[in-house]
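Asks: give me a 3D structure for the following:
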Amino acid sequence: MKLTTKLLTAAALLTASATAMAHSGHAEGGFTSGLLHPMLGLDHLLAMAAIGFWSVRQSKHMKNATPAFVIGGMILGATLAWGGLSLPGVETGITFSVLVAGILIATLAKLPTAVGGTLVGAFMLFHGFAHGAEMPEGSTLAAYLAGFCIATLTITLIGRGLGSAMLNADSRFTRGVGGVLAVAGAYLAAA
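Replies: This next block holds a predicted model:
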């Protein structure tokens, strides 16, 4: 089986499992709940996969640092939520991350590492805050954190794999993927 087929199959299974489970994972607690939470919302799935997809066309340093920016932002956001701090506009920030990531992909934008890393970290701050705020009562913080970090990295790396598979394809396809993501982000923001 080709890498592209494997990556598309994995992405489809993640999406299908998230749809089939609705929000039942929140009742599981701990590691399982943390693992499932990033897959339960279309906005989370799209943003994390889009960031991975976009990172492929960035400088080697930005591409290699993207997983650290993603996890760093997620952990910082969750820590803010667990610390009882408020973060205004969380849902707007989450949907905006899908919209902007789609635009970055559609335009084949290359950003300096400082700018791209800050943007990715800021996007993931909102996602992490949402994950932290929605941690089920009675969950072990470390287990929940480990679960959502693993899921986040997996989704991001699947996006990266899809982006790598499309790297040598006609750029119109990549631009189309970005356009679809931007439209999805705009729709999520309007909903």
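
Asks: need the contact list for the nearest residue to residue 149 once chain neighbours are set aside.
Replies: Distance criterion CB to CB, 6 or more residues apart in numbering; nearest residue to residue 149, sequence neighbours excluded, is residue 71 at 5.7 Å. Any C-beta I mention is one placed from the backbone N, CA and C, and that applies to glycine too. Contacts here follow CB atoms under 8 Å, 6 or more residues apart in numbering; on that basis residue 71 touches 124, 149, 152, 153.

Asks: list the buried residues in the one helix or strand residue 71 maps to.
Replies: Here residue 71 sits within helix 60-82, counting by DSSP states H and E. For helix 60-82, the neighbour count (16 or more other CB atoms under 10 Å) marks 62-63, 65-67, 69-81 as buried.

Asks: export it to PDB, keeping only CA atoms.
Replies: In PDB, the C-alpha atoms belonging to helix 60-82 read as follows (Å, rounded to 0.1, in the frame of the first residue of the first chain):
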ATOM      1  CA  LYS A  60      13.400  23.000   7.200                       C
ATOM      2  CA  HIS A  61      13.700  24.700  10.600                       C
ATOM      3  CA  MET A  62      10.000  25.700  10.700                       C
ATOM      4  CA  LYS A  63       8.900  22.300   9.400                       C
ATOM      5  CA  ASN A  64      10.900  20.500  12.100                       C
ATOM      6  CA  ALA A  65       9.800  22.900  14.900                       C
ATOM      7  CA  THR A  66       6.100  22.800  14.000                       C
ATOM      8  CA  PRO A  67       5.200  19.800  16.300                       C
ATOM      9  CA  ALA A  68       6.900  21.700  19.200                       C
ATOM     10  CA  PHE A  69       4.900  24.900  18.400                       C
ATOM     11  CA  VAL A  70       1.700  22.800  18.300                       C
ATOM     12  CA  ILE A  71       2.300  21.000  21.500                       C
ATOM     13  CA  GLY A  72       3.700  24.100  23.300                       C
ATOM     14  CA  GLY A  73       0.600  26.100  22.400                       C
ATOM     15  CA  MET A  74      -1.700  23.300  23.400                       C
ATOM     16  CA  ILE A  75      -0.100  22.800  26.800                       C
ATOM     17  CA  LEU A  76       0.100  26.600  27.500                       C
ATOM     18  CA  GLY A  77      -3.600  27.000  26.600                       C
ATOM     19  CA  ALA A  78      -4.700  24.000  28.800                       C
ATOM     20  CA  THR A  79      -2.500  25.300  31.600                       C
ATOM     21  CA  LEU A  80      -4.300  28.700  31.500                       C
ATOM     22  CA  ALA A  81      -7.700  26.900  31.600                       C
ATOM     23  CA  TRP A  82      -6.600  24.700  34.500                       C
END
